Structures are given as C-alpha cells and as structure tokens.
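Novice: A predicted structure for the sequence below; I have some questions about it.
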Amino acid sequence: MEQAEVNAPAAAADIGAQYRAVVARRAAIVAGLALVSVVALLFDVITGPSSLSAVTVLQGLFQPDALSPSQSAIVWQVRLPYALMAVLVGAALSLAGAEMQTILNNALASPFTLGVSSAASFGASLAIVLGVGIPFLGGDWLVPVNAFVFAFGSVLLLQAMARLRGAGVETIVLFGIALVFAFNALIALVQFVSSQEALQQLVFWTMGSLSRATWSSVGVLAVVLALCAPFSMRAASAMTALRLGEDRAQSFGVDVRRLRFFSMLRVSLLAGASVAFVGAIGFIGLVGPHIARLLLGEDHRFLLPASLLSGAALMSLASVASKLLVPGVLMPVGIVTAMIGVPVFLLLIFRGSRA
Amino acid sequence: MSGQLSIEALTAGYHDAPVIKALSLPALSPGEVISLVGPNAAGKSTLMRALAGLLPATGRLHLGGQDVLAMGIAQRASLVTYMPQALPQGVGLSVLETLLSALEVAELDLSEQARIARAVSVLERLGVAKLAMRRLDELSGGQRQLAALAQALVRTPRVLLLDEPTSALDLHYQLRVLDLARETAREQGMIVMIVLHDLQAAARVSDRVAVLSQGAIDAFGAPEDAITPEVLARVYHVSARVERCARGRLQVIVDDVLR
C-alpha cells in the first residue's frame, strides 16, 4: 500500500502524459480534416464544365476585377455559391447526424434514415405539384420553406414521441423509420396525381442538387450552422457522458430530457435548412459522423467538430465527382454522395476492424 | 443528525403502477454500508433508481435535513450517485475518458490536471490504473464493472448506490470491491447502499441489511437480525440455516426449496 502511494503521483503523471498525447493527436486530426475540407472546397471551385483554368478561377477569387463579366458570373454566381453550399450542407447534415446518433443511441440514426429528408421531400412535393405552401411566401421560397416546415415538423414529431412517457429511444428510432415509409407513400400519392412537368421537377428535387444554391440560401444555412454549432459544442461533455447510458449520465448530473430536447431542436434546424435548399441528400449524415468516430473515438469535444468537417469534406468531394463523372454533365449530387460515401465508409470499416 | 439519509413513505414505480409502496427505513448514517437484498422483482433496482431521481417518487427523502426530492438534477447528482447494473456495449471511450467525463459534467472547479489525478487515484484504489487508456470495449466483463464503479467513486458523492456491482466479478474481485466500498464509506463518510444477491457477501460487507419483498421492507437491521431462517423462508421460499463459522462469520446454508 505504501509503495502504491509512493508511486501514485508518478502513475498519474504518466497516464496524464499519455492522455495529453491522445488529445494532441485528436486536435491534429481535427486540424487535418479542416485542411482537407478547405482543399476539397478549392478543388470544387476550380472544377466545372466551363473551360476556365484553375489559375483563372483562383485568381478571380482574390481579384474579381481580373475576370471578364461572363467568367465573373461563372465563378461568383455559380461555382462559389455551389461549392460553399456543398460545404455547409455537408457540415450541417453530418453534425445533425452525429448528434442524432448519440442522443438516440443508434449508429444508424441520421436525418435521412429517420424521415427528416422524406418529410422535406413531401413538403416540397406539395409545393411543386399542388402549389400548397405557407401563405404570403411565394416564388423561389415556396419550395424550400415548405420543405423546411415539414422537415422541422417531422423532428418535432420524433420529439413528441420522446416526450411521451415511457417511449424509449428504440421507439423513437422505429417511429422515425415509420415516418420514412409514411412520407414516401404520401410522395408517391402526390406523384400519382401530378402533371408530367411537375413530376419531372419533383423527381429532380428529391435527388438533391447543389444547383439550387444562391447567395441568399448559402447565407441562411451559414447563419443556421453558426447558431447551432456553438450550442452543440457546449453540450459535448454531456453527450460524451450520455454514451455511458441514460441512467448513468443522469446520475452524473446530466438533464437527459433537456439535452435530448435541445439537441433534436438543433437537428431539426440543421437538417431542415439543408434539405430545404438542396433536396434530399442521403448518406452524409450517416457517414460523416462514422468517419469521425473511427478516426478519433467518442469524446464529443472532438467528435462533433470532426463530424462537421468530415461531412463538409465528403460533400465537397461528392460535388467535385458530380462534375467529373460524366464530362459536361452536372449530376445531381445526391446520387454521388452515396457513390462516393459507400467506398470511403467500407474502407474505413475494414481498416478499423483490422486495427 | 447531520448527513443522515432518511426515507419515509417513499412510493415509486413505472406508469402509475407503484413498485415501491410507502417504504420507510430508519435513518442511515454517513460511513454506513447497507445491503439491499431480496428476490427478483422485489423492487431493489426501483428503490435505487427512485433514490437517485431516475424515477419519479413521492414521500419524504431527506439528506442531512435537505429535501432531496425537491432538488434539481445536477444538485441531486452531486450528492447521490447511482451505478446501474451494466455499461452499454460499443462505446468508443477509454476508461480514463469516462471518468473525466463524469467529472466534467459535474462542472467542478478542477483543472484538467487535477481531474486526471483524481481519476487515476480512483483507478489505482481499484487496482485498475493500467486499464486507464484502454477502450471500454476491450475490457472483460469484470474489468468493465470495475471501470463503472470507478466512474461512480470519482464523483465522491454523499450517497453511493451500487446496483449489483459484483455480478460479473470473480471471487477475488467480488471481495475486493465490497471491501473497497466499505473502506470508502468509512474514510469519506459516504452512505453506501449495495444491491446484492449473495447473502453471505451482504452479511460480510454491511453494517445493516434491508430485505425487500414485493416493494416493501420485510426485515431491516444488523445482518444477523435481518438474515434469519424465518425471513429466508418467507421471502425466498427456502429452508435455510444461518450459522456462525469458527471465525464468527455469518453463513447461510440452504437445505431445500419450499413449495
């Protein structure tokens, strides 16, 4: 016993040093992901069907006057808002997915798998096909606002389930899956009654595309993300504790109901605003957090920013791929997210299990 | 008296169906170890969870004169810590991280260095400091249970509620954990309440034993007063002898099952 006490400070110092090394490594990984995101963003901006060289585009970013009016329009009205939208949507969906996975204690939870995207698509379909929407909001905002209202509403429905007495997280997840089927059936119904033209528009919307990005939508999503992310970070320690189970977290002093309520509120804002502007984008909300988790574990002080950044990078890369896969054709990015996400995901899982 | 835990007419349960009905216990004093024994579904875990505030409860629950039922979650958790039976699977956190997270959410005014030192000292007391950097998922069942116990101990609550803390442990660690619970209670003036199935272990570790049956206290007192052949027949439906061995320890010898 005496010997143990003599050794105690040494052991604490040793373990402390090991822990600090782990923390430093994680900080480095987060910084690395930030770098990858920036590079992917730049790569996204310089890629496109028009014959602008990379140098011209990069020069145009820093010296807008050096571009001709048409070049300027391509860089400033198309490339840059699209690329920034990709980063913001990826970041928002991935952060929302990370929070959902922890709050619902389910690795398969994401805005896409639990009905948020389906709800948004249904909202959009009502606007596109039937012209039904929020009164006094017409024109360009009708579809996104409708999509947002439905996405937000679907998370509130999940939320209401969580508030119901006795409804455990498993029930919420099952309810979310039921929402997917319910909204998909409703979308099919709307499609059934829609005109040929509206149907085409709707199908394109549900694929998810960055081509709907404008500076105002980029601005709105940036504000939503900037508002939500600090609150997510403030809840990081409580979320880490929640990974040890609800009873234990509450026994540590975490108000789990409150944590879940505000987290779901952030999820509804992040996911709702994302899908409202670009349509249904699958996979990012699921894969982004998993990549982050595989890279640096579940300390949410690092997991949340890493999820946000890996989502942003993944979405940028998907955007690049959407321009390069078929030369001259801008594929809807929603198709590409899965195509690029699945192999990255599988690679990480296999590497993770080997380690 | 200061620091005493008094439970009076406590009622708690699920969905308006009370499992614990108007349960009262004599006041429990700091430094005391109380075992909670009883058959399955007697309400042991329900009582623990109600005491910790994880289930709504009515009645009177006072700690050192303070009304525990009226406290907010954070204040209550700083005084009463509950250790559930199991840790979830698939958690990507190291043992040390789980302890640090338990300290972080407590918002104690401690530097990171102080938190690490405190976490390591608890792990050392449990003899598992070498597991500090290992992930929970890589641990054996027994090691996980020790890690879970460390998470509860690191918060130094006034009342520690341990729900079957030895169920996955081998004989050596069972005794070690129970002795440690007792030591901690004595040294830090903690009230430690432990749910146990092993009556012999309960007799060994506790100052007093509460025998719970159908949501009510059937017997309460010193081990030799609470664990008697009559109580065992009534509560567990077994015919048993309770004798002292040559060293004076209480031994429960079960002869038969009563139908």
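Specialist: All right, it came through fine.
Novice: list the buried ones in stretch B:190-202?
Specialist: Counting neighbours by 16 or more other Cβ atoms under 10 Å in any protein chain shown, one finds that the buried residues in stretch B:190-202 are B:190-196, B:198-202. (C-beta placed from N, C-alpha, C; glycine too.)
Novice: Just put the residues you listed in a markdown table and tack on pLDDT.
Specialist: Shown next, in a markdown table, are the buried residues of stretch B:190-202 (pLDDT from 0 to 100):
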| residue | pLDDT |
| --- | --- |
| B:190 | 95 |
| B:191 | 96 |
| B:192 | 96 |
| B:193 | 97 |
| B:194 | 96 |
| B:195 | 96 |
| B:196 | 94 |
| B:198 | 93 |
| B:199 | 94 |
| B:200 | 92 |
| B:201 | 93 |
| B:202 | 94 |
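Novice: And for residue 11, the neighbour number?
Specialist: Going with chain A. As a burial measure, residue A:11 scores 18 neighbours (other Cβ atoms under 10 Å in any protein chain shown).
Novice: sorry, should have said chain B
Specialist: So residue B:11, with other Cβ under 10 Å, has 16 neighbours.
Novice: ditto for residue B:170
Specialist: Around residue B:170 there are 12 residues (other Cβ under 10 Å).
Novice: how far out from the middle of the chain is the helix or strand residue B:122 falls within?
Specialist: Element membership for residue B:122, per DSSP states H and E: helix B:112-125. Put simply, helix B:112-125 sits 22 Å off its chain's centre (Cα atoms, centre = their mean, to the nearest Å).
Novice: got the angle between the next helix or strand after that helix and helix B:112-125?
Specialist: Per DSSP H and E, the first helix or strand lying C-terminal to helix B:112-125 is helix B:141-153. Helix B:141-153 runs at 130 degrees relative to helix B:112-125, counting by axes from the mean of the first three to the mean of the last three Cα atoms, to 10 degrees.
Novice: Which positions in helix B:141-153 come out as buried?
Specialist: Across helix B:141-153, burial judged by 16+ other Cβ under 10 Å covers B:142-153.
Novice: Over to stretch A:310-324?
Specialist: Under 16+ other Cβ under 10 Å, the buried positions of stretch A:310-324 are A:310-323.
Novice: Kindly report the same for stretch A:16-35.
Specialist: A:16, A:19, A:22-23, A:26, A:29-30, A:33-34.
Novice: from those, which are also near chain B?
Specialist: A:16, A:19, A:22 (Cβ under 8 Å from any Cβ of the partner chain).
Novice: picking up where we left off before, pLDDT-wise, what's the bottom of the buried residues of helix B:141-153?
Specialist: Ranked by pLDDT, these bottom out at residue B:142, which has 83.
Novice: any idea how far it lies from residue B:95?
Specialist: 13 Å (Cβ to Cβ, to the nearest Å).
Novice: nearest to chain B, of the ones next to chain B among the buried residues of stretch A:16-35?
Specialist: Closest to chain B out of those is residue A:16 (4.5 Å), distances taken as Cβ to the nearest Cβ.
Novice: For the host helix or strand of the closest one, enumerate the helices and strands it packs against.
Specialist: In the assignment (DSSP H and E), residue A:16 maps to helix A:2-46. For helix A:2-46, the elements it packs on are helix A:54-62, helix A:80-103, helix A:284-296, helix A:300-324, helix B:112-125, judged by 3 or more Cβ pairs under 8 Å, 6 or more residues apart in numbering or on different chains; DSSP states H and E.
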